[in-house]
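*Asks:* Below is the sequence, then the predicted model.
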Amino acid sequence: MRITGGQLCGRKVEVPDGIIRPAMDRMRESVFAILGDLTGKSFLDIFSGSGIIALEAASRGADPVDAVEMDPLKRSTLIKNVSISPVRINCHFMSAELFVKRAKNSFDYIFCDPPFPYRFKQQLVSSIARSKLMIPGSTLLIHRPREDQFPETLEQLQLIDRREYGRSIVDFYRLEA
């Protein structure tokens, strides 16, 4: 797997053992083209896996960047991969739900890529919207299978864009004031 843009464009990253569904190159390239220059923007990658999304953000100027991953089988690969980052990527090894509950910092962008079988996507998105992770103007991206339906509004979140990539969709929600 390779980083698709920014300072680290073309660098390879490892894929961890176990069950993983790495974000497709085409999807990552498209999502980050939509987000544009991330210089000075904060970025959170939830369900980080290999760390590829956090690395794409850091490669494009995001700072600070945080990654959340619970699976201990992915830990060593995530740590190794983020070591190539031009900025420190803070790794948190805990469940997404616990991280959201304990959140103290807000982020400009949050990318949430739960496993497709994960049944609590909407509840997690609602929890993120109500947490300290988001402030008015923050954007939450949720990567989900086409079969999972998401509404135009969820809590104080307003859908601002929806992109389809094969059988998956990325919804872009913005927290309204």
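*Replies:* That came in fine, so what should we check first?
*Asks:* quick one: the residue nearest the centre of the chain and Phe47, what's the gap?
*Replies:* Centroid-nearest residue in the chain: Phe111, 2.3 Å away (criterion: CA atoms, centre = their mean). Distance of Phe111 to Phe47, computed by CB to CB, to the nearest Å: 9 Å. The way it works is simple: take the backbone N, C-alpha and C, and place the C-beta from them, glycine included.
*Asks:* quick one: pLDDT of Ile20?
*Replies:* At Ile20 the predicted local confidence, pLDDT, stands at 57.
*Asks:* What of Asp25?
*Replies:* pLDDT, Asp25: 82.
*Asks:* name the element the closest residue to it other than its chain neighbours belongs to?
*Replies:* The shortest distance from Asp25 to any non-neighbouring residue, by CB to CB, 6 or more residues apart in numbering, is to Thr4 (5.6 Å). For Thr4, there is no host helix or strand (DSSP states H and E).
*Asks:* Run a quick check on Thr4 versus Phe32, I expect a contact.
*Replies:* Yes. Counting by CB atoms under 8 Å, Thr4 touches Phe32, with 7.1 Å between them.
*Asks:* Overlap of the contact sets of these two?
*Replies:* Common contact partners of Thr4 and Phe32 (CB atoms under 8 Å, 6 or more residues apart in numbering): Glu56.
*Asks:* For the chain, which segments count as helices?
*Replies:* Assigned by DSSP state H, the helices in the chain fall at 25-35, 52-59, 75-82, 96-102, 121-130.
*Asks:* coming back round to it: compute the distance between the residue nearest to the centre of the chain and Arg11, please.
*Replies:* 19 Å.
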